[in-house]
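Novice: sequence unknown, structure follows:
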């Protein structure tokens, strides 16, 4: 199991798919699994149930995925902020794809499927989450100005694949 964490726009899904293909593993995006299980998009869960309820559902899904077969798993940007999820991550390799705030917004700005973009203080949230990502990471890779293929190859080499 290899887990990818980072802020929205870091490249978790794009790089994760490439890395999974190179390793011969399935790729899983926890946000997609959450939407499948809930039968509705994440923005609807946020709107109807609120962020705390979403985070509990997210933790449950991640716990199930980590207990399942090996995969490359991309987590939603806020997932490592949940204490119980952080505890689970201590047992697996975690790659932190670090992206600068300006680059993250350039990559995802205007995506209505990202409820966190609608919150005030997104830049402060980005800054706050950097320490959380760093605290769970076993490997950190900068993604600003880099192509996903290049990042995936660097990860493959660093992970000994």
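Specialist: That came through fine. Remember, it's a predicted structure, so these values are computed and weren't measured experimentally.
Novice: so how far is the one helix or strand in the chain whose mean pLDDT sits lowest off the chain centroid?
Specialist: Using mean pLDDT, DSSP states H and E, helix 101-108 stands out as the lowest-scoring helix or strand of the chain, at a mean of 84. In this view, helix 101-108 has its centroid 15 Å away from the chain centroid, taken as CA atoms, centre = their mean, to the nearest Å.
Novice: and the helices in the protein?
Specialist: Using DSSP state H, the helices found in the chain span residues 12-23, 30-38, 42-49, 51-67, 83-89, 101-108, 122-136, 148-158.
Novice: let me know which of the ones you listed is tucked in deepest.
Specialist: Comparing those by mean neighbour count (mean count of other CB atoms under 10 Å), helix 12-23 comes out on top with a mean of 21. To be clear about C-beta, it is placed using only N, CA and C from the backbone, and glycine gets the same treatment.
Novice: give the other helices and strands that that one contacts.
Specialist: Judged by 3 or more CB pairs under 8 Å, 6 or more residues apart in numbering; DSSP states H and E, helix 12-23 is in contact with strand 2-5, strand 27-29, strand 72-74, helix 148-158.
Novice: farthest from the middle of this protein: give me that residue.
Specialist: residue 48 (22.5 Å; CA atoms, centre = their mean).
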